[in-house]
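Visitor: heads up, no residue letters with this:
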């Protein structure tokens, strides 16, 4: 909790309406004195008991029961505080109360206020459509109670439209998440009503509801990826990104990122230009950070890798350094060090790269293998052939001992070391050997450091 929430909690705790127990108020006061770190050696249950009952002997059960009751009050505060900060939901609740108590004038004024709130809400997400549906539902209920139902309209059309939008957006969003998941792991879902919903939207229904349209086009792109559908969705996102919540924006960005890997070959730099563009969108919206403000390790690694492939060395270095204080786990720190080492290598600052790789301690198996691929590239460029040969041999032994679950990963690394060793044995004048090397490399663009090997080929064939 931040300081403002603590102040609100204290007011709540001291209110006799919410808490009638003086002991709980005193216990809260004791705990609050240790906020925010709570790391004092005096922050113990024994000290809390002495604070509440200075003349009594310590009784563990007493303080345990009080802590349990205090938790209940805090939970009640969290629910109340969260609800009170949601003005739109409060209005819906008031509409229901005024309807139930036949307070027509108050109902109409609150209805007008809620309509203004929704009109001024730019975001078109599940929550918005749900509120719109709730508003129409309460209005229809009000009209049915206060009108001549035989001759006056009860806005069933508006109610039906609001429900359709809420359902379609929610269902499309869920289908996107499910369909995307089937492409990441071996799982199958029953896509109930997917074909029917797509048929309706294929007919042009709700073309002016851009939130629904983005989820619809995202699902179509997941089902049949091609460049045209990708560009349509990307342009739609750029034009209407402000109507999406961060959660929905991330869903569409993720669909686009995953699609890039399908429609553009790995050896085509357009693939990385598109990915970099999407990563910049993600970063601009702070969606490269988790809910606690820490950078997601995979995102850090992917962003830097793509930037380096495009030659954006200075940008990559600034990005990494700017996020030094956004690291959470030990893995994040290892990824951070590897990214810096990779940047220094690409800048031909071999000493700085080597210093990180040889002095930092890496524990993650994938981080260790990254080190074992980056170091020999330094040795190769620095023409330290004895160190290079030793690295290749020791790395082959290391990967042979990896668990069988890494079979595919082991094979990729074996191909890397085979290519590297061949590179060291091809004479610059042996054009046929270079041609065979290039042909085999082109047939396997998934090999680690594909572009690095390609660069060496071009370097030798152009000299």
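Guide: That came in fine, so what should we check first? Treat the numbers as computed from the prediction; the structure is a model and nothing was measured.

Visitor: I'd like the distance between residue 77 and residue 420.
Guide: With distances taken as CB to CB, to the nearest Å, residue 77 is found 61 Å from residue 420. Backbone N, C-alpha and C define where each C-beta goes, glycine included.

Visitor: whoops, I mixed them up, residue 286
Guide: Distance from residue 286 to residue 420, by CB to CB: 39 Å.

Visitor: out of those two, which sits in the busier spot?
Guide: More neighbours surround residue 420 than the other of residue 286 and residue 420, with 23 against 9 (other CB atoms under 10 Å).

Visitor: for the more buried one, report the pLDDT, please.
Guide: You'll see residue 420 listed with a pLDDT of 93.

Visitor: pretty sure it sits against residue 379.
Guide: No. Counting by CB atoms under 8 Å, residue 420 stays clear of residue 379, with 9.7 Å between them.

Visitor: what do the two both touch?
Guide: residue 388 (CB atoms under 8 Å, 6 or more residues apart in numbering).

Visitor: quick check, residue 214 in contact with residue 238.
Guide: No. Taking contacts as CB under 8 Å, residue 214 lies outside contact range of residue 238: 11.0 Å.

Visitor: and those two? Which one has more around it.
Guide: residue 214 (28 against 10).

Visitor: any stretches of the chain with poor pLDDT?
Guide: 148-152, 404-405, 427-429, 462-463 (pLDDT under 70).

Visitor: okay, domains of it per the record?
Guide: As assigned by automatic domain parsing, the chain contains the domains 3-84, 87-168.

Visitor: next helix or strand past the helix or strand hosting residue 127?
Guide: Residue 127 is part of helix 126-146 when elements are defined by DSSP states H and E. Per DSSP H and E, the first helix or strand lying C-terminal to helix 126-146 is helix 156-184.

Visitor: which strands and helices sit next to that next one?
Guide: Applying 3 or more CB pairs under 8 Å, 6 or more residues apart in numbering; DSSP states H and E, one finds that helix 156-184 makes contact with helix 126-146, helix 194-202, helix 210-223, helix 246-263.

Visitor: dihedrals phi and psi, the residue sitting furthest away from the middle of the chain?
Guide: Within the chain, the residue lying farthest from the chain centre (CA atoms, centre = their mean) is residue 55, at 53.0 Å. Torsion angles at residue 55 (phi, psi; degrees, to the nearest 10) stand at phi -100, psi 0.

Visitor: distance check, it against residue 33.
Guide: Where residue 33 is concerned, residue 55 sits at a distance of 21 Å (CB to CB).

Visitor: ditto for residue 39
Guide: Note on residue 39: its distance to residue 33, by CB to CB, is 13 Å.

Visitor: okay, these two: which has more neighbours?
Guide: residue 33 (12 against 7).

Visitor: so what's the more buried one up against?
Guide: Per CB under 8 Å, 6+ apart, neighbours of residue 33: none.

Visitor: can you check residue 168 too?
Guide: 197, 201, 206, 212.

Visitor: tell me the contacts of the residue farthest from the centre of the chain?
Guide: Going by CB under 8 Å, 6+ apart, residue 55 touches no other residue.

Visitor: now residue 147
Guide: By CB under 8 Å, 6+ apart, the neighbours of residue 147 are residue 154.

Visitor: residue 207 contacts residue 213, correct?
Guide: Yes. Here residue 207 reaches residue 213: they are 6.7 Å apart, a contact under CB under 8 Å.

Visitor: ok, now how distant is residue 13 from residue 81?
Guide: 12 Å.

Visitor: between the two, which is the more surrounded one?
Guide: Legend: neighbour count by other CB under 10 Å for residue 13 and residue 81, higher for residue 13 (20 against 14).

Visitor: isn't that one right next to residue 77, touching?
Guide: Yes. Residue 13 lies in contact with residue 77 (CB under 8 Å); the separation is 7.4 Å.

Visitor: now residue 259: how far from residue 15?
Guide: Taking CB to CB as the measure, residue 259 falls 53 Å from residue 15.

Visitor: which of those two has more neighbours?
Guide: residue 259 (22 against 12).

Visitor: ok, that one - contacts?
Guide: Residue 259 neighbours (CB under 8 Å, 6+ apart): 221-222, 225, 230.

Visitor: what is the burial count for the closest residue to residue 307 other than its chain neighbours?
Guide: Distances taken as CB to CB, 6 or more residues apart in numbering put residue 316 closest to residue 307, at 4.0 Å, once the chain neighbours are dropped. Residue 316: 23 surrounding residues under other CB under 10 Å.

Visitor: got it, and the one 4 residues further on?
Guide: When neighbours are defined as other CB under 10 Å, residue 320 has 21 of them.
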